[in-house]
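Asker: give me the fold of what follows.
(chains A and B)
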Amino acid sequence: MENPEIARILAETADLMEIDGENPFSIRSFRNAASTLDGMPERVADILADPGRDITQIQGIGKGIASALADILARGSFPRRDEMLARYPPTALEMLRIPGLGPKTVRTLWEQFRVSTLEDLARLCQEQKLRALPRMGAKLEEKILQGIAHYRQSAGRFLINHVSTVAAELAPLLGATPAGSLRRGRETVGDLDLLTSRENALELFLQHPRVHDALAAGSNKASARFGAEGLQVDVRMVPPESLGAALCYFTGSKDHNVALRQRALKLGFSLNEYGLFRLSDETRVAGETEAEIHAALGLDFIPPELRENQGEIEAALHHTLPALIEPRDIRGDLHMHTRESDGRATFHEMAAAAQELGHAYIAITDHSKSLAMANGLDERRAVAFAAEVRQFNAGGPPLRVLSGLECDILRDGRMDLEDGALAELDFVVASVHSYMSLEPAEMTDRLLRAIECPSVKVLGHPTGRVLLHRDAYRYEFDTVARAAAARGVAFEINSSPERLDLHAPLIRRARELGCKFIISTDAHHPRHLSNFHYGVTMARRGWLSASDVLNTLPLAEFLASTRH
DNA sequence: TCGGATTGCCGAAGCCTGTCCACACAGGC
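Answerer: Okay, the predicted model is just below:
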C-alpha cells in the first residue's frame, strides 16, 4: 500500500472520531500523521519492513499510530477504525461532505433517524422531518438538499493531480499515452484513458497490485478501478499505424471530434479512430501520428488543451493558433505561505525549494490578520517581515525574494491592512476569503474597490471556487476585468489543484478585455511549488502565450510590468 | 495521541463570524 492511501485511511478515521466526539487532540494527531505521511517521499511500507528503522522517529508518529500503521499495511484497517465502523455506517463520512453538515449533526442524524445514505437524508429533508429536531429548520433542510444535488454532480470526478499521479505510474509501465480529458487538461477528470501498442500491456495492467474490480477484460480493451479511490482506468490496445487517429479520437472533446470529422468529410476523407481515409477508394492517408492527420486536413497542429471546439479548428486553418505558454517559461512564483500563517515551512525553506525548481524570484505572501484561523499578519508583523526580506536580499542570494502578503478583501472592498503597511511590501495579492455569497452587484463593487488600492498587484484566486466542493462567487466579471486591465492589476491563475482559478473560459475573456495574468501556486508546503505546471495547463486552455503572463519575465522586467 | 518532561503524567489548543435557531455548529486556508 502506498502512502496516500494510508494517509486517507488515517484521515477517514479522524472524521469518524470527530463524529464519535473523541478527544480533539487525539483527532488532531491522526490528521497530522495523515498529512505528514501523504507528503513523505519515502514509503511507509519500506520503513516498517526495515528492522533497522523505527517509524516513531518521524515527527508526529508515536506508539499508537505506529501500531495502527502496521495493522493497516497487514490488513487494511486497525482495531480502532473497525470498532467505529461497526457503530457508524461508512456512508456517514459521505454526509460530512455536504455543506452545512458537520460531525455533530451527522451524529444526531444517525442517532435519531438512522440515516445511513444520502438518499435517506434527502427524503428526510423533503418530508420536512429534520425540522422536528432542536436547532434544525426549514433553511437547513433546503441547504442540505442543494448540497446533495451538488455533491451528486461532482461524485465520480477526480482532481487533476490525483489522475496525473495515477497516469504517471501506469503510463511508463504499459508504454501508454494518456488521452481523454486528462490530456486536454480539464480540471477534473471522470476516468483515465490510456492508449498503448505494447503487446502484453493489458495483462500487465490487470495484474497490477492496485488494480481491482475489472469491468472489462477483452483483447483490445481492459477497464478496471485503480487504488482505494476507485478511479476508473481504461487501457486500449491500438495498432501503431492507428495510434495518432486513436489519440485524436480518445482525446476529444466530443464536439472537437465532430467538427474535425466534418472538416475531413468536406475534403473528401473520413476520419475515425483507425485513421484518415480517402472516401473514394478507402485508402489510408494518415493515422500514425496526430500531426500527420492535422496536416492532411490542412490544419496546423492543435494542442490537446485547445480541443474544445471553441474556434481552434478555424485558427489552425488560418495559422492563427497562439504559441501557447510552456512550463519552462515560468520564472517566478508569486503566491505562497509559510509558518508565519498557515504554511508548513519557513521562508528560507520555500526559497530553497523554489530555487531548486529553477525559479529566479518568488514572493512570500502569508495571510493577513482577518484570517485569524490562519494566524494572519497584522501591520506590525507585515512591516517587520518586509524588513527581514530586505536583509535577506542584501546578501545577494541567487533567488530574489519579494516581501508580500495575501491581503484579505474585507466585505466592503477595503483592504485588511492599512495602506501604509501595504506600501512597505513588494507584492500584494488581494483575495476574498469571506462573505462569498454576496449578491453579484455587491461583490462586483467590492472587487472594484479592492482594485483601487494602489498596492494591489494581482487578484488572487479570482472566482473563489473549490473544485468538487464550492462554486465560484458571483459577480460581473467583465466589469471587474475591464477595471483590472485599466488599473494594471493582473488576474491570478491559481495552480492549486483544488482551485485552478481562473479557469479557461474566463482566462480567455479576461485576455480579450486586455488583462494580464500571473501563474502562482498558493503553495503551503515546498512540495506544492511544483504545482505551477497545472496553472500553465489552465493558461494553455485559456489560449495564453508567455507574453500574456507576467511571471515569464526576468525579474527586472517583471517588476517594471506589474503595477507600481 | 504525541512529545517531552515531571519517566506515569501533563499540556497541547488557529479563532472569529455567520447562520439559524434560540445557543451551538459549521466554515474559512
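Asker: how is chain A divided into domains?
Answerer: Domain assignment for chain A by automatic domain parsing gives A:3-154, A:158-237, A:242-317, A:327-561.
Asker: now the last one: how far from the chain's centre is it?
Answerer: Put plainly, it is domain A:327-561. Relative to its chain's centre, domain A:327-561 lies at 16 Å (C-alpha atoms, centre = their mean, to the nearest Å).
Asker: returning to what we had before: quick one: which of the domains of chain A is nearest DNA strand B?
Answerer: Distances from DNA strand B to each of those were compared by C-beta to the nearest atom of the strand, and the smallest falls on domain A:3-154, at 1.7 Å. For glycine as for every other residue, the C-beta is placed from the backbone atoms N, C-alpha and C.
Asker: okay, the domains of chain A, which one's buried deepest?
Answerer: With neighbours defined as mean count of other C-beta atoms under 10 Å, the domains of chain A peak in mean count at domain A:327-561, which reaches a mean of 20.
Asker: first to last residue in it, what's the distance?
Answerer: Terminal residues of domain A:327-561 lie 20 Å apart, using C-alpha to C-alpha, to the nearest Å.
Asker: try stretch A:489-500
Answerer: 19 Å.
Asker: are it and DNA strand B in contact anywhere?
Answerer: No: figure legend: stretch A:489-500 not in contact with DNA strand B (C-beta under 7 Å from any atom of the strand); closest approach 8.6 Å.
Asker: circling back to that earlier point, tabulate the domains of chain A (TSV), appending mean pLDDT.
Answerer: Formatted as TSV, the domains of chain A follow (pLDDT from 0 to 100):
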stretch	mean pLDDT
domain A:3-154	89
domain A:158-237	93
domain A:242-317	94
domain A:327-561	94
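Asker: for the stretch 251-400 of chain A, which segments count as strands?
Answerer: Counting by DSSP state E, counting those that start in this stretch, one finds strands in the stretch 251-400 of chain A at the ranges A:269-272, A:275-278, A:284-286, A:332-333, A:361-367, A:400-408.
Asker: right, and the helix or strand after the longest one?
Answerer: Translated: strand A:400-408. Counting by DSSP states H and E, the element after strand A:400-408 in chain order, helix or strand, is helix A:419-423.
Asker: how about that following helix as PDB, C-alpha atoms only?
Answerer: As requested, C-alpha coordinates have been extracted for helix A:419-423 and formatted as PDB (Å, rounded to 0.1, in the frame of the first residue of the first chain):
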ATOM      1  CA  ASP A 419      -2.200  51.400   3.100                       C
ATOM      2  CA  GLY A 420       0.900  52.500   4.800                       C
ATOM      3  CA  ALA A 421       1.800  48.900   5.800                       C
ATOM      4  CA  LEU A 422       0.900  47.500   2.400                       C
ATOM      5  CA  ALA A 423       3.200  50.100   0.800                       C
END
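Asker: that helix - contacts with which helices or strands?
Answerer: Contacts of helix A:419-423 with other secondary structure elements, assessed using 3 or more C-beta pairs under 8 Å, 6 or more residues apart in numbering; DSSP states H and E, are made with helix A:379-394.
Asker: for the helix it packs on, name the packing helices and strands.
Answerer: Short answer (3+ C-beta pairs under 8 Å, 6+ apart): helix A:379-394 packs on helix A:347-356, strand A:361-367, strand A:400-408, helix A:419-423.
Asker: still on that earlier bit, could you dump the strands of the stretch 251-400 of chain A to TSV with distance to A:Ala45?
Answerer: Formatted as TSV, the entries for the strands of the stretch 251-400 of chain A read as follows, by distance: least, C-beta to C-beta, whole Å:
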stretch	distance to A:Ala45
strand A:269-272	45
strand A:275-278	45
strand A:284-286	47
strand A:332-333	33
strand A:361-367	35
strand A:400-408	37
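Asker: export the ones you listed to JSON lines and append columns for distance to DNA strand B.
Answerer: Below are the strands of the stretch 251-400 of chain A laid out as JSON lines (distance: least, C-beta to the nearest atom of the strand, whole Å):
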{"stretch": "strand A:269-272", "distance to DNA strand B": "44"}
{"stretch": "strand A:275-278", "distance to DNA strand B": "47"}
{"stretch": "strand A:284-286", "distance to DNA strand B": "48"}
{"stretch": "strand A:332-333", "distance to DNA strand B": "15"}
{"stretch": "strand A:361-367", "distance to DNA strand B": "7"}
{"stretch": "strand A:400-408", "distance to DNA strand B": "7"}
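Asker: among the ones you listed, which is nearest A:Leu204?
Answerer: Within the strands of the stretch 251-400 of chain A, the stretch nearest A:Leu204 is strand A:275-278; the backing value is 26.3 Å (C-beta to C-beta).
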